[in-house]
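Enquirer: from the sequence below, what's the structure:
(one chain, ligands or ions: 1)
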Amino acid sequence: MIQKRRVPIKGGYFSIPEDPLEPPRLLGSRCQRCGEHYFPRRAICARADCLSDDLVDVALGPEGTLYSFTFVHMPLFGSSNLEHMDGYGVGQIDLPEGPRVQLPLAGHKEDYFIGQRVIAELDKMREDGDTEVVIVRFRPTGDKK
Ligand SMILES: [Zn+2]
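Expert: Got it, this is the predicted structure:
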């Protein structure tokens, strides 16, 4: 099977590695003055005692720890992927660099528990000719789909 070209649903939030087996990274910022990390990217540090504008782009993850999660029983908005029609999970994931992000989860409610190690992956929303429009989501580590 030929790998279709993958494009992000919106640029600037996650990477798309050329190797399909390599996990995507979240595109964030690191404050050069106080060391705080942010996702999504910021131009100014949000710490009231810092407020530096010396931030650099950094890649975050791809692994994290599940802080909380839920599953909703309605189709994922904007998706034509049949896998999304019965509903989808939403997790709050603590990244090793600090930020807590909220992103979709793969699979089913039974696959998850609080404190679980999860890893980012790309997920197809729809196809457009020879292109796949993708989002980033998390799945349990070691659980290849
Ligand atoms: Zn700062």
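
Enquirer: what residues are up against residue 75?
Expert: By C-beta atoms under 8 Å, 6 or more residues apart in numbering, the residues touching residue 75 are 84, 85, 86, 87. In this view, the C-beta of every residue, glycine as well, is placed from N, C-alpha and C.

Enquirer: direction included, what does the longest strand along the chain pair up with?
Expert: Counting residues, the longest strand found in the chain (DSSP state E) is strand 117-128. Strand 117-128 has the following strand partners under DSSP bridges: strand 63-72 (antiparallel), strand 131-140 (antiparallel).

Enquirer: tell me which residues of the first one are tucked away?
Expert: Applying a neighbour-count criterion of 16 or more other C-beta atoms under 10 Å, one finds 64, 66, 69, 71 buried in strand 63-72.

Enquirer: if you average pLDDT over that strand, what comes out?
Expert: The predicted model assigns strand 63-72 a mean pLDDT of 97.

Enquirer: which SSE is immediately downstream of that strand?
Expert: Next in sequence after strand 63-72, counting helices and strands by DSSP states H and E, comes strand 88-94.

Enquirer: between that following strand and strand 63-72, how many degrees?
Expert: Between strand 88-94 and strand 63-72, the angle comes out at 150 degrees (axes from the mean of the first three to the mean of the last three C-alpha atoms, to 10 degrees).

Enquirer: which residues sit against strand 88-94?
Expert: Contacts to strand 88-94, defined as C-beta under 8 Å, 6+ apart, come from residues 64-72, 76, 100-109, 112, 118, 138.

Enquirer: could the C-alpha coordinates of it be exported in CSV?
Expert: This file holds the C-alpha atoms of strand 88-94, laid out as CSV (Å, rounded to 0.1, in the frame of the first residue of the first chain):
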residue,chain,number,x,y,z
TYR,A,88,-14.1,9.2,20.8
GLY,A,89,-12.0,9.6,23.9
VAL,A,90,-10.6,12.9,25.2
GLY,A,91,-7.6,12.8,27.6
GLN,A,92,-5.8,15.3,29.6
ILE,A,93,-2.1,14.3,29.3
ASP,A,94,0.8,15.6,31.4
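
Enquirer: what residues does the chain have near the ion?
Expert: 31, 33, 34, 36, 45, 47, 50, 52 (C-beta under 5 Å from the ion).
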